[in-house]
Structures are given as C-alpha cells and as structure tokens.
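# Next come a sequence and a model predicted from it.
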Amino acid sequence: MNLLRERYRVDLVELQTACELNYVRLLQLLPDMRNDARGRQHVRRVALSQGEHLLGVLALEVLETCPYTSTIEVRQEHSLSWLPVPRLEVRVYHDARMAEVVGTQSARRFHGIYPYPNAAMHQPDEKTQLNLFLGEWLSHCLACGHELAPVR
C-alpha cells in the first residue's frame with residue numbers, strides 16, 4: 001500500500017482557459033478598460049440584488065493602463081455585514097487576451113505550485129483557484145447584476 005500522495009502538477013490548459021475567459025468577462029463588464037484613465041476615476045459598479053434588498057456591489061476600478069496591460073481592482077462593496085469583503089488585483093494582458101489574479105488583500109505574486117503544508121497556508125493550486133473564483137464572480141455579475149441606480 002502506497003501512502004504517499006502524488007505531487008500536484010499545474011494544469012496549464014485549465015489555468016490558461018480560466019485566464020482567457022476572465023479576459024472576455026472583464027471586457028464585457030468594462031469594455032473601455034484600455035482607455036487611458038488619467039485625470040478621471042475609471043470605475044464601474046454593478047449591483048447585485050434580491051428583490052428590494054441590495055446584496056452587494058461589484059466595483060471594477062482601473063488602477064493602471066499601459067500599452068499592452070491594464071491593472072484592475074475587483075472588489076465587493078456594500079456587502080452583508082457577516083461576509084468577508086473580497087478584493088482582487090487583476091493584471092489584464094491585452095496582447096495575449098488573458099486576465100490573471102496577481103494579488104488579494106493578503107498576498108501578491110502567486111506561485112504556480114505551493115508545497116503543502118506551508119507557512120502561509122496556501123493551497124497547492126492557489127493560483128488556479130483564485131482565477132477560477134474570479135471567473136465565477138464575474139459570471140455571476142454578468143448573469144444577475146444590474147447597473148447601480150445613481151444616488152440623488
């Protein structure tokens with residue numbers, strides 16, 4: 001009986017597919033993300049409601065634009081009080097048509113594989129999980145979100 005666990009291997013096809021789909025989703029939610037945002041705040045807010053109750057707002061903020069990349073912060077606003085507020089930093093590669101999570105509120109620059117256990121308690125496939133989470137979050141906003149009514 002072999003009790004050793006097989007070493008985790010990055011599924012590059014899965015990771016690249018997730019990043020490509022995240023690019024498409026971000027482009028649908030923020031079609032002008034490549035435009036230079038100098039001098040003005042470049043933020044889009046998408047509301048998520050259930051009936052009359054606002055459950056939260058997805059904020060997409062362009063932090064930086066360069067000729068081939070953009071950096072976007074994706075965060076939850078007006079969340080439920082008991083729910084941790086997610087915030088992701090996403091690097092968008094326009095030439096490769098990919099978007100990947102490069103930071104969270106607690107970590108930056110993720111490795112493809114982490115030994116497990118580790119001091120930071122990252123999962124072996126932390127990078128893939130974060131990119132899949134971003135995809136699910138953006139997909140939910142595309143399916144169920146609506147423009148936030150302006151405050152008067």
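Right, received. Where do you want to start?
# contacts and neighbour counts: CA atoms only from here.
Noted.
# Start from the N-terminal end of the protein and give the strands.
Secondary structure of the chain by DSSP state E: the strands cover 43-50, 53-65, 69-77, 87-93, 98-104, 146-147.
# which residues sit against stretch 9-25?
92, 97-100, 112-113, 125, 128, 131-132, 134-135, 138-139, 142 (Cα atoms under 8 Å, 6 or more residues apart in numbering).
# In CSV: the strands of the chain, plus distance to residue 15.
Shown next, in CSV, are the strands of the chain (distance: least, Cα to Cα, whole Å):
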stretch, distance to residue 15
strand 43-50, 26
strand 53-65, 22
strand 69-77, 19
strand 87-93, 14
strand 98-104, 9
strand 146-147, 29
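# how many neighbours does residue 50 have?
9 (other Cα atoms under 10 Å).
# Run through the bridge partners of it.
residue 53 (DSSP bridges).
# picking up where we left off before, pick out the lowest-pLDDT one from the contacts of stretch 9-25.
On pLDDT alone, residue 112 ranks lowest of the contacts of stretch 9-25, at 62.
# coming back round to it: among the strands of the chain, which gets the worst mean confidence?
Minimum mean pLDDT among the strands of the chain: strand 146-147, a mean of 82.
# Relative to the whole chain's centre, how far out is that strand?
19 Å (Cα atoms, centre = their mean, to the nearest Å).
# again with stretch 68-82
Put simply, stretch 68-82 sits 8 Å off its chain's centre (Cα atoms, centre = their mean).
# pLDDT at residue 21, what is it?
In this model, residue 21 carries a pLDDT of 98.
# what's the nearest residue to the most centrally placed residue in the chain if we skip its chain neighbours?
Central residue of the chain (Cα atoms, centre = their mean): residue 134, 3.7 Å from the mean position. Leaving aside its chain neighbours, residue 134 sits nearest to residue 22 (7.2 Å; criterion: Cα to Cα, 6 or more residues apart in numbering).
# do residue 73 as well
Nearest one to residue 73, counting by Cα to Cα, 6+ apart, is residue 89 at 4.6 Å.
# Quick one: residues contacting the one you found.
Contacts of residue 89 (Cα under 8 Å, 6+ apart): 71-74, 101-104.
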